[in-house]
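In: I'll drop the sequence and a predicted model, then ask my questions.
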Amino acid sequence: MNRNLTVSMQDVAREAGVSPQTVSRVTNGSKSVRDETRVRVEEAMDKLGYRPNYAARALKYGRFNDIGVVVFSLYDYGDSRILDGIVAAAVDEGYAVTVRTMGVGKERSLQAAVERMAQLPVDGIIVVLQQDVPDFDSFVPPKEMPVVLVCEGASTNCPTVDADQYGCSTSIVDYLLEQGHSTVHHIAGPMQSRAARSRLQGWSDQLDRHGITAPQALIGDWGADSGYRAGFELAHDPECTAVYAANDQMAYGAILGLKDGGRRVPEDVSIVGVDDSLRGIVPQLDLTTMRMRFDTIGHEAFTMIRKQCEGENVPVNVKTVIPGELIERGSVVRYAR
């Protein structure tokens, strides 16, 4: 058929042998349509060149079925995996996703980011807060535009969800101390990162709970080279037998730095990373790590925003965190004093 001709929902219904209501359910992503019927309708839509009129649907139902997502960077591993989780959940529920990156300078605020996204045809907005913003405590979502924040702390005006950044550190410290180590050294991420600061605080607090004075933390930039430099420095500290790196890239770099500094991993120094981002990238990966469930975080963030868009209440001022999962490989051994 000539795709320049206007094809209606009724045309698709006749071609597929179903009612126009069934075609509508398919275009809206309804789960109430049987798989074989859905396939028949989609084949008819493709054959006729039918494209749903989303603007007309928005006028009729008051919704676009589109969620806006604001991230600091599309290159950050955690942010990109969270975005994957949001998109997967949105597709399952018949929603689309519109993505924008956070502005710079004065525009790097919740107010500015939400205002820019709200100019687009979206029903709600998820902001993945990798770094601090000046108006976190004062921000109030616009009327009729629900907002969900991906961050570890609670907000008085928005639902929040994130990985348990603090808790992953306390668990790693306990794990390494249980292996017989007298203390745990830390390679932290950059201090402008909310996650890095939270992981640093969890490490320090948990050592303090065990009556151990925390060694001086080394600050990296999430990259493997910064981990290498930290590992090489720690290799010359004879008291260093256990290292906790705030992400896997720095942990992997630290392993190389320790080895070049004359220390073996894990025979001399045990090391644990965070995120499990090197799986499938580094062959024969032997790094013990705390896997962060970023896809689950994205799914939960989408569920929170969808519920608000559909008129449900989602509590605010509640700290919702998703725990990590310790993946034991070969970079940690029990330490014999």
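Out: Noted; the coordinates are in hand. Computed from a predicted model, the values in this text were never measured in an experiment. Numbers count the residues shown, from 1 in each chain.
In: can we go C-alpha only for contacts and neighbour counts from here?
Out: OK.
In: hang on, Gln201 is in a strand, isn't it?
Out: No. With DSSP: H, G, I helix; E, B strand; the rest coil as the criterion, Gln201 is helix rather than part of a strand.
In: surely it touches Tyr166?
Out: Yes. Assessed by CA atoms under 8 Å, Gln201 is found in contact with Tyr166 at 6.9 Å.
In: of these two, which one has the most company?
Out: Higher neighbour count among Gln201 and Tyr166: Tyr166, with 22 against 17, using other CA atoms under 10 Å.
In: for that one, what is the enclosing helix or strand?
Out: helix 165-178 (DSSP states H and E).
In: can you pull the poorly scored residue ranges out of the stretch 101-250 of the chain?
Out: The stretch 101-250 of the chain contains residues with pLDDT under 70 at 103-107.
In: still on that earlier bit, tell me what the helix holding Tyr166 is packed against?
Out: Other helices and strands packing on helix 165-178, by 3 or more CA pairs under 8 Å, 6 or more residues apart in numbering; DSSP states H and E, are helix 194-209, strand 242-245.
In: could these be laid out in a markdown table, adding distance to Val148?
Out: Putting the helices and strands packed on helix 165-178 into a markdown table (distance: least, CA to CA, whole Å) gives the following:
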| stretch | distance to Val148 |
| --- | --- |
| helix 194-209 | 17 |
| strand 242-245 | 29 |
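In: out of the ones you listed, deepest packed?
Out: Of the helices and strands packed on helix 165-178, the one with the most neighbours on average (mean count of other CA atoms under 10 Å) is strand 242-245, at a mean of 28.
In: tell me where the stretch 1-150 of the chain has strands.
Out: Using DSSP state E, counting those that start in this stretch, the strands of the stretch 1-150 of the chain run over 66-71, 96-101, 124-128, 147-150.
In: quick one on the thing from earlier: so what touches the helix holding Tyr166?
Out: Taking contacts as CA atoms under 8 Å, 6 or more residues apart in numbering, the residues outside helix 165-178 that touch it are 152, 183-184, 195, 198-203, 205-207, 242, 244, 272, 290, 323-324.
In: quick one: buried residues of that helix?
Out: By 16 or more other CA atoms under 10 Å, the buried positions in helix 165-178 come out as 165-174, 176-177.
In: ok, now how distant is the residue nearest to Pro315 when sequence neighbours are not counted from Pro146?
Out: Excluding the flanking residues, the one nearest Pro315 by CA to CA, 6 or more residues apart in numbering is Pro159, at 6.1 Å. In this view, Pro159 and Pro146 are 9 Å apart by CA to CA, to the nearest Å.
In: more neighbours: the two, which one.
Out: Using other CA under 10 Å, the more surrounded residue of Pro159 and Pro146 is Pro159, with 27 against 21.
In: quick check, that one in contact with Lys307.
Out: No. Look at Pro159 against Lys307 with CA under 8 Å: they stay out of range, at 11.2 Å.
In: touching both of these two, which residues are there?
Out: Common neighbours of Pro159 and Lys307, using CA under 8 Å, 6+ apart, are Val314.
In: if we can go back for a sec, next one: the helix holding Tyr166 to chain centre, how far?
Out: Distance, stretch centre to chain centre, for helix 165-178: 21 Å (CA atoms, centre = their mean, to the nearest Å).
In: quick check: buried residues in the helix or strand just after it?
Out: Counting by DSSP H and E, the next helix or strand C-terminal to helix 165-178 is strand 185-188. Residues 185-188 are the ones in strand 185-188 that count as buried (16+ other CA under 10 Å).
In: over to stretch 37-54?
Out: Residues of stretch 37-54 classed as buried by neighbour count (16+ other CA under 10 Å): 37-38, 40-42, 44-45, 48-50.
In: and for it, what's in contact with it?
Out: Stretch 37-54 is contacted from outside by 1-3, 7-9, 12-13, 15-16, 18, 23, 26-27, 64, using CA under 8 Å, 6+ apart.
In: what about that stretch, average pLDDT?
Out: What stretch 37-54 shows for mean pLDDT is 84.
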